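Asker: Below are the sequence and a predicted model; questions follow.
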Amino acid sequence: MTIKPLVLLPDPILRETSKPVERFDDQLRTFADDMLATMYDAPGIGLAAIQVGEPLRMLVIDVSEKDEEPAPMVVINPQIVASTDQRNVHEEGCLSIPDYYAEVERPAGVTVNYLDLDGKQQTVEADGLLATCLQHEIDHLNGVLFIDYLSKLKRDMVVRKFRKLAKDRPPARMVG
């Protein structure tokens, strides 16, 4: 397993819409393992492929507690097919926006259809932290960041801060 470099704000790739996964093979399984290793190393509870520079509709999640057995999920080509009217507010953070957290309101529950690593159709009905994490990561696949749910003033402050930080650091990934 390889730990991949994370793409950080303000990298424009984070605003791209990811393309569906079409090939389910050993290369995809290896990539899923690399994504999980990267997420656990960060440490985080979710990671979208775009966050490691691959614009694929794929994400990994593990919302198990530290004292529990890991419960990784690999979610490919996800679609939210239903959401509850009830809302929840969670404090969210993002591996691509390190050390910044804000409260975000989202549907409390969602039903997500997706494909597993074998290309088989799966459905998960999620609530609580899993629902929030799925929505956050699926947003990434559509070029949406959790800061987009904040007021324009707060969002602009975060973007300015990360633009300034980006000038002071070497590129996180190679382009080309």
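Answerer: Great, that's in hand. Here the structure is a predicted model, which means the values were calculated and not measured.

Asker: From now on I want contacts and neighbour counts done on CA atoms only, so please keep to that.
Answerer: Fine.

Asker: for the chain, which spans come out with low pLDDT?
Answerer: 169-176 (pLDDT under 70).

Asker: Helices of that one, start to end?
Answerer: 26-41, 128-141, 152-167 (DSSP state H).

Asker: most tightly surrounded among these?
Answerer: Of the helices of the chain, the one with the most neighbours on average (mean count of other Cα atoms under 10 Å) is helix 128-141, at a mean of 22.

Asker: Distance from that one to the middle of the chain?
Answerer: Mean-position distance between helix 128-141 and its chain equals 7 Å (Cα atoms, centre = their mean, to the nearest Å).

Asker: could I get that helix in CSV with only the CA atoms?
Answerer: Below are the C-alpha coordinates for helix 128-141, written out as CSV (Å, rounded to 0.1, in the frame of the first residue of the first chain):
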residue,chain,number,x,y,z
GLY,A,128,-25.6,10.1,12.0
LEU,A,129,-21.9,10.4,11.2
LEU,A,130,-21.9,7.9,8.4
ALA,A,131,-24.7,9.9,6.6
THR,A,132,-22.7,13.1,7.1
CYS,A,133,-19.4,11.5,5.9
LEU,A,134,-21.1,10.0,2.8
GLN,A,135,-22.6,13.3,1.8
HIS,A,136,-19.3,15.1,2.4
GLU,A,137,-17.3,12.7,0.2
ILE,A,138,-20.0,12.5,-2.5
ASP,A,139,-19.9,16.3,-2.6
HIS,A,140,-16.1,16.0,-3.4
LEU,A,141,-17.0,13.9,-6.4
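
Asker: Turn the helices of the chain into TSV, including distance to residue 88.
Answerer: Formatted as TSV, these follow (distance: least, Cα to Cα, whole Å):
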stretch	distance to residue 88
helix 26-41	24
helix 128-141	8
helix 152-167	20
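
Asker: Quick one, which of these gets closest to residue 97.
Answerer: helix 152-167 (7.8 Å; Cα to Cα).

Asker: Give me the contact list for that closest one.
Answerer: 9, 10, 97, 147, 148 (Cα atoms under 8 Å, 6 or more residues apart in numbering).

Asker: residues contacting residue 127?
Answerer: By Cα under 8 Å, 6+ apart, the contact set of residue 127 is 108, 109, 110.
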